[in-house]
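>>> just the structure for this:
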Amino acid sequence: MGSSKIFFIIAVVAFFAIPSSLATEFVVGDEKGWSLDFDYQGWAAGKEFRVGDKLVFKYTSGVHNVLRVNGTEFQQCEAADNTVPLTTGNDVISLATPGRKWYICGVARHCAARNMKLNITVLSQVGSPSSAPTPNSPTSSAAKGNTASSFYEWILVMVSVVGMVLV
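Residues are numbered from 1 along each chain as shown. Next up, the predicted model:
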């Protein structure tokens, strides 16, 4: 009876701990960072952004900034007057909700003339009911997040084995 309780506790801890351990930190632009004349849409293509992941914008403070904007502001490369810029040069944005996200540099014409803008779609966390693939989902391994799924399956197998041994 005591081993069943231990198994149950391990299973519950694993269930809640795994999604947060699968979070990815994306440095926007990789080694190029948040800078002029870079194809951020190309950089984002094929990447799978999920709730719990983080975007890190690295740039020289005082030279650039990061503004969170809506789709219209993104297209126009103009943020609303009350938009608060991120200015540290190492800005970390946690992706807390699924959906479309838009970011621009608000300095001079960096967005409009120099392509400093990023548009991504954030998916639900791995393992949540709404993260099931749809018929139109991309099929590449990078887009599907096979590493996360394999890790999740491995943990499930390990918890099952431990449960059989303890029961």
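>>> chain neighbours aside, what residue packs nearest to residue 59?
Closest residue to residue 59 apart from its sequence neighbours, by C-beta to C-beta, 6 or more residues apart in numbering: residue 34 at 4.1 Å. The way it works is simple: take the backbone N, C-alpha and C, and place the C-beta from them, glycine included.
>>> what ranges do the strands span in this protein?
25-27, 49-50, 54-58, 67-69, 90-94, 99-104, 117-123 (DSSP state E).
>>> put together CSV for those strands, with mean pLDDT on each row.
Formatted as CSV, the strands of the chain follow (pLDDT from 0 to 100):
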stretch, mean pLDDT
strand 25-27, 98
strand 49-50, 96
strand 54-58, 98
strand 67-69, 98
strand 90-94, 98
strand 99-104, 98
strand 117-123, 98
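>>> and residue 80, which of the ones you listed is closest to it?
strand 67-69 (7.6 Å; C-beta to C-beta).
>>> strand partners of that closest one, parallel vs antiparallel please.
strand 99-104 (antiparallel) (DSSP bridges).
>>> got the contact list for the partner strand?
Residues outside strand 99-104 that contact it (C-beta atoms under 8 Å, 6 or more residues apart in numbering): 28, 49, 55, 57, 66-71, 73-74, 77, 79, 93, 95, 110-111, 116-122.
>>> thank you kindly, that will do.
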